[in-house]
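Visitor: what's the 3D shape of this:
(one chain, ligands or ions: 3)
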Amino acid sequence: MTDTLTPADVTPRTAAQPALRSAEALDEECHDWTLDEVTALFELPLTDLLWRAQSTHRRHREPDAVQLSTLLSIKTGACPEDCAYCPQAAQYNTGLTPEPLMDVERVVAAARTAKEAGAQRFCMGAAWRSPKDRDIARVGAMIEGVKALGLETCMTLGMLTDDHAEALAEAGLDYYNHNLDTSPEYYEEIITTRTYGDRLATLEAVRAAGMKVCCGGIVGMGETRADRVGLLVTLANLPHHPESVPINELVQVPGTPLATGETLDPFEFVRTVAVARLLMPNSAVRLSAGRTEMSDELQALCFSAGADSIFYGERLLTTENPEGNSDRDLLDRLGLRAGLSEA
Ligand code: SAM
Ligand code: DTB
Ligand code: SF4
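Guide: Numbering: from 1, shown residues only. Ligands and ions are numbered 1, 2, ... in the order given. Below you'll find the predicted structure:
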């Protein structure tokens with residue numbers, strides 16, 4: 001045995017198994033993943049998959065650093081879209097009280113509180129199909145106010161035109177979040193009011209304007225493993241890997257069409273995180289929605305699988321998230337630290 005032994009050297013192979021890329025091959029960002037080889041990664045013994053993901057994590061990231069992003073819903077509910085998972089869609093009766101676009105001062109005050117609690121990035125979300133021209137000046141002022149506090153900024157406002165993307169970039173927005181949510185095949189089961197192609201076009205507009213991309217998806221929506229493979233392959237085969245990849249576990253909200261489905265095997269969630277880490281070695285992989293339902297041990301396994309970012313603060317957009325104190329305590333117990341993870 002030598003120091004340079006890598007997972008690829010020791011995995012037993014059968015003729016039916018596609019060759020798995022070595023850790024060295026993964027040092028270059030790859031954009032040519034096939035469904036078969038990513039399926040083979042999912043099918044590895046969990047211990048082997050974790051070893052591979054950890055090896056990649058160590059080569060590309062700071063394995064003890066966890067990036068902390070705090071969310072704020074700046075415009076809540078009454079959304080015209082029909083995303084089957086979402087408590088903010090107007091057509092589902094989820095008991096949510098709609099709220100119009102917040103004042104800049106209130107947003108900046110919430111960002112200050114998040115910064116004092118230790119957040120590194122402030123993510124502002126609006127329940128819009130897409131922003132209107134008249135909204136752009138106010139969200140631009142929010143970006144400027146939050147940045148002035150020394151926080152990184154992220155927004156998720158729905159679909160963007162090139163002009164809107166440029167205006168946000170000019171205001172100084174660091175990241176734009178726009179998720180693909182699931183595989184191209186399963187997408188139509190979840191959303192009918194906009195297409196997968198619409199989502200890809202927004203991601204292109206964000207890139208063209210020079211902003212960083214935050215893009216991931218949701219698991220536990222009744223999709224198959226093939227759909228989870230399809231989501232991760234689509235993300236990794238984008239012309240550039242998203243700098244930030246949120247992996248959300250569905251929050252089952254009463255009143256939405258997905259309120260009562262079967263929940264995902266937690267080890268399948270861990271596998272999804274590990275494969276995301278392997279496919280996008282230089283990206284932050286965020287353990288996102290769904291953490292209130294996860295044990296400390298499961299979250300620790302996710303960090304071991306290569307997750308290095310969380311949503312931090314007692315609310316996501318409209319649903320609950322673990323309290324800051326319990327997250328700080330968890331990171332302490334695991335010997336992890338808040339960090340920007342720029343290895
Ligand atoms: N309206 C904008 C849009 O959809 O692009 C931005 C806000 S939307 C709430 C942001 C993301 O939150 C969605 O793309 C979805 O991935 C995630 N999300 C919404 N509801 C969720 C739920 N119940 N469980 C997990 N993730 C959810
Ligand atoms: C992301 O991928 N997850 C966040 C953020 N990006 C905007 C949102 C999760 C929302 C969970 C349901 C809610 O709180 O409304
Ligand atoms: Fe609207 Fe976004 Fe919710 Fe879809 S996910 S219903 S676009 S707020």
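
Visitor: only C-alpha atoms for contact and neighbour calcs from this point on.
Guide: OK.

Visitor: got phi/psi on the nearest residue to residue 192 once chain neighbours are set aside?
Guide: Distance criterion Cα to Cα, 6 or more residues apart in numbering; nearest residue to residue 192, sequence neighbours excluded, is residue 82 at 6.7 Å. Note on residue 82: backbone dihedrals following degrees, to the nearest 10 are phi -120, psi 30.

Visitor: isn't residue 82 up against residue 188?
Guide: No. Residue 82 lies out of contact with residue 188 (Cα atoms under 8 Å); the separation is 10.8 Å.

Visitor: settle it for me: which of the two has more neighbours?
Guide: Between residue 82 and residue 188, counted using other Cα atoms under 10 Å, the more crowded position is residue 82 (21 against 15).

Visitor: OK, contacts around that one?
Guide: 89, 91, 190-193 (Cα atoms under 8 Å, 6 or more residues apart in numbering).

Visitor: would you mark the buried spots in stretch 89-106?
Guide: 89-92, 94, 101-102, 104 (16 or more other Cα atoms under 10 Å).

Visitor: does ligand 2 sit close to that stretch?
Guide: No. Stretch 89-106 lies apart from ligand 2 when judged by Cα under 6 Å from any ligand atom; the minimum separation is 9.8 Å.

Visitor: ok, and does that stretch reach over to ligand 3?
Guide: Yes. For stretch 89-106, a contact with ligand 3 is found by Cα under 6 Å from any ligand atom, at residue 89.

Visitor: give me the below-cutoff pLDDT ranges for the stretch 201-343 of the chain.
Guide: In the predicted model of the stretch 201-343 of the chain, residues 340-343 satisfy pLDDT under 70.

Visitor: isn't residue 278 up against residue 55?
Guide: No. Using Cα under 8 Å, residue 278 is not in contact with residue 55, being 9.0 Å away.

Visitor: with neighbour numbers in mind, choose between these two.
Guide: Taking other Cα under 10 Å, residue 278 and residue 55 do not tie; residue 278 has more neighbours (29 against 18).

Visitor: who's in contact with the more buried one?
Guide: Contacts of residue 278 (Cα under 8 Å, 6+ apart): 26, 52-53, 56-57.

Visitor: for those residues, give me JSON lines that also has pLDDT.
Guide: As requested, the contacts of residue 278 are exported to JSON lines (pLDDT from 0 to 100):
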{"residue": "26", "pLDDT": "76"}
{"residue": "52", "pLDDT": "93"}
{"residue": "53", "pLDDT": "94"}
{"residue": "56", "pLDDT": "92"}
{"residue": "57", "pLDDT": "93"}
